[in-house]
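A.B. asks: Sequence and computational prediction follow.
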There are 2 protein chains.
Amino acid sequence: MTRQPGPPDEATLRAWLAIAVEEARTGMAEGGVPIGAALISADGEVLGRGHNRRVQDGDPSAHGETDAFRNAGRQRTYRGTTMVTTLSPCWYCTGLIRQFGISRVVVGESTTFTGGHGDLEALGVEVIVLEDAACIAMMREFIADHPDIWNEDIGE
Amino acid sequence: MTRQPGPPDEATLRAWLAIAVEEARTGMAEGGVPIGAALISADGEVLGRGHNRRVQDGDPSAHGETDAFRNAGRQRTYRGTTMVTTLSPCWYCTGLIRQFGISRVVVGESTTFTGGHGDLEALGVEVIVLEDAACIAMMREFIADHPDIWNEDIGE
C-alpha cells in the first residue's frame, strides 16, 4: 500500500480518534487519567496504542502519547507517521514528537489544556485539531473530579 | 535538611555526575546506549536513577532521563529538583524537564550531541554543562561502534 498524499479524510481522522478515545476510556475505567493515543504508520496501520498510566502503574513517564510510542516498539523511522491523541500534547509529549520526527499530530481537543502543538506546527509538523465534544467533556469531568491528579500529571 | 541556596559546589556536581556515569556504564555493559541520568531532590537525595533501555528492553521511550524520572515514581512537585545526565538532553527529555518544572539540569557533555539545554536555560532552568572528558569519550566510542543504534535513538 502506498502512502496517501495530503491530509487524511474526515472518516479516517474520526476512526483514528476513536482508537485514542477507546484507550482514554480504558484508562478512566482503570481509575486513571483519561488520555489516550495511538501511533499510526504512513500506510494507516496502528503501530501502537496506549493511555496515561500515572495512577495505575505509579508511572509518571507514561502519558498517553509516550505509552503509545512505547507500545509501538523500536522503529527505523517515524517519517510519515501520525500521533493521534485525545488531548493537546504537553511539552513532554511535544518533545517526543519533535525528537523522533513524527510527521503529523491529530489532537482530539485543546480546549481544556493546550500544550505544544502550536510549536510543532511552526516546526513543520502537520497539526489537525478536532475540538471533539466528547473529548472535551471527558477531560472536563476528570479535571473537576480529580484536580489533584490532573495537576500532578502536568507538573503543576 | 534545608535546601542549599545557589548552585551546588564542584564536589557535589561531580558526585551527581558519577551516578549518571555509573548508570551509563551499566547500560553499556548490557549492550545498550550508554546514557545515564539521575533525579536529585532539592535536599540532594537521589529520587531515581536510570539509563537508556532502547536495546535491552526494546523500549524507545526509555531514554536516560525518562528512565530516571520513571524510577523516581510519582512526586507531588519537581520544584528544586536536579536532573543530572551524561549527555545534553534531546528534545524529548528537554520537554520532560520543561513540563514537570525540574529546576536544574547538570549535563555531562554536549560535545557529541546538543539537544535542548539552551532552550531550557532561556526558560529559566538552571543549566550547568560540565563537558566531562570521560563522558565525551564514552559517547564518541559508542557512536563510532554503533552509528545505526545511535541514529535510531535520536530519530535520525
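C.D. replies: Great, that's in hand.

A.B. asks: Correct me if wrong, but residue A:37 is in a strand.
C.D. replies: Yes: Residue A:37 sits within a strand when classified using DSSP: H, G, I helix; E, B strand; the rest coil.

A.B. asks: what pairs with it across the strands?
C.D. replies: residue A:50, residue A:85 (DSSP bridges).

A.B. asks: Up against chain B, what does chain A have?
C.D. replies: Those residues of chain A that sit near chain B, judged by C-beta under 8 Å from any C-beta of the partner chain, are A:54, A:58-62, A:66-67, A:69-70, A:72-78, A:90-96, A:98-101, A:115-116, A:152, A:154-156. Quick note: C-beta positions are derived from backbone N, CA and C, even for glycine.

A.B. asks: Please check those residues and keep the buried ones.
C.D. replies: A:54, A:59-62, A:66-67, A:69-70, A:72, A:75, A:78, A:90-96, A:98-101, A:115-116, A:152, A:154-155 (16 or more other C-beta atoms under 10 Å in any protein chain shown).

A.B. asks: give me the residue from chain A nearest chain B.
C.D. replies: Closest to chain B within chain A is residue A:95: 2.3 Å, counting by C-beta to the nearest C-beta.

A.B. asks: Which residues are in contact with that residue?
C.D. replies: A:116, B:90, B:91, B:92, B:93, B:94, B:95, B:96, B:98, B:116 (C-beta atoms under 8 Å, 6 or more residues apart in numbering or on different chains).

A.B. asks: Also residue A:59?
C.D. replies: A:53, B:70, B:73.

A.B. asks: My guess is the first one contacts residue A:23. True?
C.D. replies: Put plainly, it is residue A:53. No: using C-beta atoms under 8 Å, residue A:53 makes no contact with residue A:23, being 10.6 Å away.

A.B. asks: quick one: low-confidence parts of chain A?
C.D. replies: A:1-5 (pLDDT under 70).

A.B. asks: Would you map the strands across it?
C.D. replies: Taking DSSP state E as the criterion, chain A carries its strands at A:36-40, A:46-51, A:82-85, A:104-107, A:126-129.

A.B. asks: As JSON lines, those strands with mean neighbour count would be great.
C.D. replies: JSON lines is the format used below for those (neighbours: other C-beta atoms under 10 Å in any protein chain shown):
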{"stretch": "strand A:36-40", "mean neighbour count": "29"}
{"stretch": "strand A:46-51", "mean neighbour count": "22"}
{"stretch": "strand A:82-85", "mean neighbour count": "29"}
{"stretch": "strand A:104-107", "mean neighbour count": "24"}
{"stretch": "strand A:126-129", "mean neighbour count": "17"}
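
A.B. asks: Need the ones you listed in CSV (columns: distance to residue B:134).
C.D. replies: Listed next are these as CSV, based on distance: least, C-beta to C-beta, whole Å:
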stretch, distance to residue B:134
strand A:36-40, 36
strand A:46-51, 36
strand A:82-85, 37
strand A:104-107, 39
strand A:126-129, 41
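
A.B. asks: And the helices in chain A, which stretches?
C.D. replies: A:10-29, A:54-57, A:64-71, A:91-100, A:117-122, A:133-145, A:147-153 (DSSP state H).

A.B. asks: Residue B:123: which of those helices is closest?
C.D. replies: With C-beta to C-beta, the closest approach to residue B:123 among the helices of chain A belongs to helix A:91-100: 9.6 Å.

A.B. asks: to the chain's geometric centre, what's the distance from that closest one?
C.D. replies: Relative to its chain's centre, helix A:91-100 lies at 11 Å (C-alpha atoms, centre = their mean, to the nearest Å).

A.B. asks: got it, and stretch A:59-68?
C.D. replies: That offset, for stretch A:59-68, works out to 10 Å (C-alpha atoms, centre = their mean).

A.B. asks: Same question for stretch A:87-96.
C.D. replies: For stretch A:87-96, the distance to the chain centre is 8 Å (C-alpha atoms, centre = their mean).
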